[in-house]
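> starting from these lines, generate the structure:
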Amino acid sequence: MVTTTIEQLRALREDRSVRQLADEVGTSAEMIRRWLRGEAQPRADRAETIRQLFIELKKPKAEVSEANPFTGGK
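Residues are numbered from 1 along each chain as shown. Here you go, the predicted model:
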C-alpha cells in the first residue's frame, strides 16, 4: 500500500499541533492547513521532510528499561 504525502501529514497531525508540524516541516501553519484541505501540494523538499517525519513516527518505541530505578539500575 502506497501512503501519499497528505496521508502521512494527516498521520503526523494526530499527535502534533499544526504549528508544531509547520515548524518541523519548515513552512507556515497556513500552508499545512492548505495541504490538509487539498488546496495545494507540498514541494518535493517539503514532501521529503514529511516522509522522513512519518518514518520516524512509525519506528517502534524504545523498550522500557527493566532496570530498577530504586537501586540505581542494579
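> helices of this protein, start to end?
Counting by DSSP state H, the chain has helices at residues 5-13, 18-25, 29-37, 44-58.
> can I get those helices in TSV with mean neighbour count and mean pLDDT?
C-beta coordinates here come from the backbone N, C-alpha and C atoms, glycine included. Formatted as TSV, the helices of the chain follow (neighbours: other Cβ atoms under 10 Å; pLDDT from 0 to 100):
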stretch	mean neighbour count	mean pLDDT
helix 5-13	17	95
helix 18-25	16	97
helix 29-37	16	97
helix 44-58	14	94
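> contact partners of stretch 6-20?
Contact partners of stretch 6-20, identified using Cβ atoms under 8 Å, 6 or more residues apart in numbering, comprise 3, 21, 24, 29, 32-33, 35-36, 38, 42, 50-51, 53-54, 57.
> at 7 Å what do you get?
21, 29, 32, 33, 35, 36, 50, 51, 53, 54, 57 (Cβ atoms under 7 Å, 6 or more residues apart in numbering).
> export it as CSV, just CAs?
Only the C-alpha atoms of stretch 6-20 are listed here, as CSV (Å, rounded to 0.1, in the frame of the first residue of the first chain):
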residue,chain,number,x,y,z
ILE,A,6,-1.1,14.0,2.6
GLU,A,7,-1.9,10.7,4.3
GLN,A,8,1.4,10.9,6.0
LEU,A,9,0.8,14.5,7.0
ARG,A,10,-2.6,13.5,8.5
ALA,A,11,-1.0,10.7,10.5
LEU,A,12,1.6,13.2,11.8
ARG,A,13,-1.1,15.7,12.7
GLU,A,14,-2.7,13.2,15.1
ASP,A,15,-0.1,14.0,17.8
ARG,A,16,1.1,17.4,16.8
SER,A,17,-0.4,20.8,16.5
VAL,A,18,-0.5,22.5,13.1
ARG,A,19,2.1,25.0,14.4
GLN,A,20,4.4,22.2,15.6
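> what about that stretch, distance to the chain center?
Distance of stretch 6-20 from its chain centroid, counting by Cα atoms, centre = their mean, to the nearest Å, is 6 Å.
> could you do stretch 15-25 as well?
Distance, centroid of stretch 15-25 to centroid of chain: 8 Å (Cα atoms, centre = their mean).
> and for stretch 41-52?
11 Å.
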